[in-house]
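Q: what shape does this take:
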Amino acid sequence: MEFPEKVYTETEHKAAKKLIDKGYKHELTVEGEADFKQKVDSILSLINTAGYYDFFRTYIRQIKEIDGLTQLRETEVAIWANKFAVENSVDAASLFIQKAHHMKQYVDGELYYGGISEKKTVEKRIEFLQHLKSKTKDANIKEDCEKLLQQWAESSLAP
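A: A predicted model of the protein is given here:
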């Protein structure tokens with residue numbers, strides 16, 4: 001069975017869930033300008049360093065550069081990101097993990113938007129930053145993680 005082109009209908013949703021439950025991983029593709037692709041490669045490297053790459057490939061198939069608002073496209077199993085979203089690789093990696101958790105909620109048939117979902121996925125984003133901070137050997141990345149964790153601690157969205 002192949003992963004559905006779109007995850008929109010009930011049949012497509014069930015097929016996607018069945019494959020993911022059996023361990024399916026996407027061949028991740030990146031579309032965009034060379035600079036965007038290079039930045040996404042750095043982001044994916046951080047995701048791998050934190051130990052989240054397989055999780056990410058489970059729920060995201062594509063990262064596409066767009067001229068608009070960065071968003072998860074659930075039915076396309078894709079993240080559409082603008083060039084500004086990938087400027088800070090540590091923050092972008094945590095955002096991408098948050099979007100992957102939204103996609104997991106979507107596939108699992110859970111509420112994947114709104115306040116309750118946002119709170120759960122922000123918790124996962126913070127957890128990712130903590131893992132990245134503990135696993136990286138790069139002092140600059142540790143510092144970026146600490147700054148972002150501090151910002152989340154001061155935010156009203158943080159748990």
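
Q: can you name the next helix or strand after the longest helix seen in the chain?
A: Longest helix of the chain, by residue count under DSSP state H: helix 115-135. Sequence-wise, the next helix or strand downstream of helix 115-135 (DSSP states H and E) is helix 139-154.

Q: what mean pLDDT does that next one have?
A: Taken as a whole, helix 139-154 has a mean pLDDT of 96.

Q: check which helix or strand the closest residue to residue 4 other than its chain neighbours maps to.
A: In space, and not counting its chain neighbours, residue 4 is closest to residue 12: 4.0 Å by CB to CB, 6 or more residues apart in numbering. Quick note: C-beta positions are derived from backbone N, CA and C, even for glycine. Using DSSP H and E, residue 12 falls within helix 10-21.

Q: got the buried residues for the following helix or strand past that helix?
A: Counting by DSSP H and E, the element after helix 10-21 in chain order, helix or strand, is strand 29-31. Judged by neighbour count (16 or more other CB atoms under 10 Å), strand 29-31 contains these buried residues: residue 30.

Q: what comes into contact with strand 29-31?
A: 36-37, 40-41, 61-65 (CB atoms under 8 Å, 6 or more residues apart in numbering).

Q: direction included, what does it pair up with?
A: Neighbouring strands of strand 29-31 in its sheet, by DSSP bridges, are strand 62-65 (parallel).

Q: mind saving the C-alpha coords of the partner strand as PDB?
A: The C-alpha coordinates for strand 62-65 follow below in PDB (Å, rounded to 0.1, in the frame of the first residue of the first chain):
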ATOM      1  CA  GLN A  62       7.600  17.900   2.300                       C
ATOM      2  CA  ILE A  63       8.800  21.300   3.300                       C
ATOM      3  CA  LYS A  64       8.000  23.900   0.700                       C
ATOM      4  CA  GLU A  65       9.100  27.500   0.400                       C
END
